[in-house]
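**Q** need coordinates for the following:
(2 chains)
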Protein chains: 2
Amino acid sequence: MSLKRQVRILGIDDSPFDFRCEKALVVGVVARLPMYIEGIMRTEVQVDGSDANEAIIAMVGRSRYREQLRLILFDGVAVGGFNVVNINKIHQETGIPCATVTREMPDFERMEAALQAHFPDWEERLKVIKRNPLFKVGPRKRSIYATIAGMDAETLELILKECTVQGRLPEPLRIAHLIASAMIRGESHGRA
Amino acid sequence: MSLKRQVRILGIDDSPFDFRCEKALVVGVVARLPMYIEGIMRTEVQVDGSDANEAIIAMVGRSRYREQLRLILFDGVAVGGFNVVNINKIHQETGIPCATVTREMPDFERMEAALQAHFPDWEERLKVIKRNPLFKVGPRKRSIYATIAGMDAETLELILKECTVQGRLPEPLRIAHLIASAMIRGESHGRA
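**A** Take a look at the predicted model:
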């Protein structure tokens, strides 16, 4: 199995923030595989709010790339703290397959405790986070954990393989992280 | 002649602005040749102000990449309107060679008229703009106009050749433009 030429994907990551901030910056990078950056977009979400899905669906909806995107890729299950990303909903509303990736296995127990301590609607948030089964993709020493909506695991693996250059993080997510952290801190810093 | 491995360059471009804005965003992209993006930085300058050199020297001075940069590349002779970039001064203060590139031959007469109409210090600004001779680099149909301080034309040409993928604009400048315009407009747009 191989990918068609000219496949475009959107990688989304959020900026660092501290608790004085009400908003976090969310940056999307459109890449044509394997790694040609074609476009960049931005939106913002409330830190620990519930507007991530709405903001991301609107950002994609007004993008000139919306018809061409084959996948929306998220770094983790939330943006701006615990503003949870619902990939099933985003897939349904945009028609574009969605996936999350994380380098470390998420610690659901710790996440549950944190949610329970801070959010009246913690059960709802946790349900979205746990809805899609987590699976490993990639070669053993460079594998990454993923969830997916609207695409099969084999296709996701092909796409990730093609757009990962160094380390385990696909280029669109790595670049989105560099941009978001540079805009807030003055210079990019650290791993996505 | 060939380039050493691991050469890092910084490409700088500014955001679009309108005349309600007092500040323009300036974005720097650190690339390891040929085109691996390692870091991103930002600063801001006054629209039509005189603080571009100071802001850029400070941004480079606080960057973790400052010791590794072999070249600072600018898209054109000014940022934020007519906030003129003095590559000789920036080269002198940072110790890093600097160059400007533009795809079109600048129209100095028109520039002079605009400066004269709007700036009491128009002669000073024009002197900086005209100080370094403009020369063509690159293959005939994809050539670009450049000025340079602290580097020979042959080395600049090698670097530009290596980091230009599509069209005539080197990748660090193309990406810096996409970022700066996306941050201001919501989505990147147009040519740098």
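**Q** OK, contacts around A:S143?
**A** If a contact means C-beta atoms under 8 Å, 6 or more residues apart in numbering or on different chains, then A:S143 has A:136-137, A:168 as its contacts. Where you see a C-beta, it was placed from the backbone N, CA and C, and this is true even at glycine.
**Q** meant to ask about A:W122, not that
**A** A:112, A:115-116.
**Q** going by distance to chain B, which of those wins?
**A** A:L115 (30.8 Å; C-beta to the nearest C-beta).
**Q** ok, A:R70 to chain B distance?
**A** The spacing between A:R70 and chain B, counted by C-beta to the nearest C-beta, to the nearest Å, is 18 Å.
**Q** what of A:V137?
**A** 23 Å.
**Q** can you say which of the contacts of A:W122 are buried?
**A** Buried members of these, counted by 16 or more other C-beta atoms under 10 Å in any protein chain shown: A:112, A:115.
**Q** how about the contacts of A:W122 in a markdown table, adding distance to B:I57 and secondary structure?
**A** Below are the contacts of A:W122 laid out as a markdown table (distance: C-beta to C-beta, whole Å; DSSP: H, G, I helix; E, B strand; the rest coil):
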| residue | distance to B:I57 | secondary structure |
| --- | --- | --- |
| A:E112 | 49 | helix |
| A:L115 | 46 | helix |
| A:Q116 | 50 | helix |
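**Q** how about the contacts of A:W122 in a markdown table, adding pLDDT?
**A** A markdown table is the format used below for the contacts of A:W122 (pLDDT from 0 to 100):
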| residue | pLDDT |
| --- | --- |
| A:E112 | 96 |
| A:L115 | 97 |
| A:Q116 | 97 |
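**Q** out of the contacts of A:W122, who's near chain B?
**A** Near chain B, judged by C-beta under 8 Å from any C-beta of the partner chain, there are no entries from these.
**Q** re earlier: in strands only, show me the contacts of A:S143.
**A** A:136-137 (DSSP state E).
**Q** show me which of the contacts of A:S143 are buried.
**A** By neighbour count, with 16+ other C-beta under 10 Å, these hold A:137, A:168 as buried.
**Q** if we only consider the contacts of A:S143, which is nearest to A:P16?
**A** A:R168 (20.2 Å; C-beta to C-beta).
**Q** not counting sequence-adjacent ones, nearest residue to A:D51?
**A** With C-beta to C-beta, 6 or more residues apart in numbering or on different chains as the criterion, A:D51 has its nearest non-adjacent residue at 5.4 Å, and that residue is A:V45.
**Q** pretty sure the one you found is touching A:V27, no?
**A** No. At 11.4 Å, A:V45 does not count as touching A:V27 under the criterion of C-beta atoms under 8 Å.
**Q** identify the contacts common to these two.
**A** Shared contacts of A:V45 and A:V27, counting by C-beta under 8 Å, 6+ apart, come down to A:D14.
**Q** re earlier: for the residue nearest to A:D51, helix, strand, or coil?
**A** strand (DSSP: H, G, I helix; E, B strand; the rest coil).
**Q** show me the shaky parts of chain A.
**A** Applying pLDDT under 70 to chain A picks out residues A:1-2, A:4, A:19, A:190-192.
**Q** about what we covered before: got TSV for the contacts of A:W122, with distance to B:D107 too?
**A** Formatted as TSV, those follow (distance: C-beta to C-beta, whole Å):
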residue	distance to B:D107
A:E112	64
A:L115	60
A:Q116	65
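**Q** nearest to B:I56 among the contacts of A:W122?
**A** Here the nearest of the contacts of A:W122 to B:I56, counting by C-beta to C-beta, is A:L115; it sits at 44.0 Å.
**Q** for the residue nearest to the spatial centre of chain A, name its beta-bridge partners.
**A** Taking C-alpha atoms, centre = their mean, the centroid of chain A lies closest to A:F74, which sits 1.0 Å from it. A:F74 has the following beta-bridge partners by DSSP bridges: A:I12, A:T100.
**Q** is chain B contacted by the longest helix that chain A contains?
**A** Assignment by DSSP state H gives helix A:171-185 as the longest helix of chain A. Yes. Judged by C-beta under 8 Å from any C-beta, helix A:171-185 and chain B are in contact via A:175, A:178-179, A:181-183.
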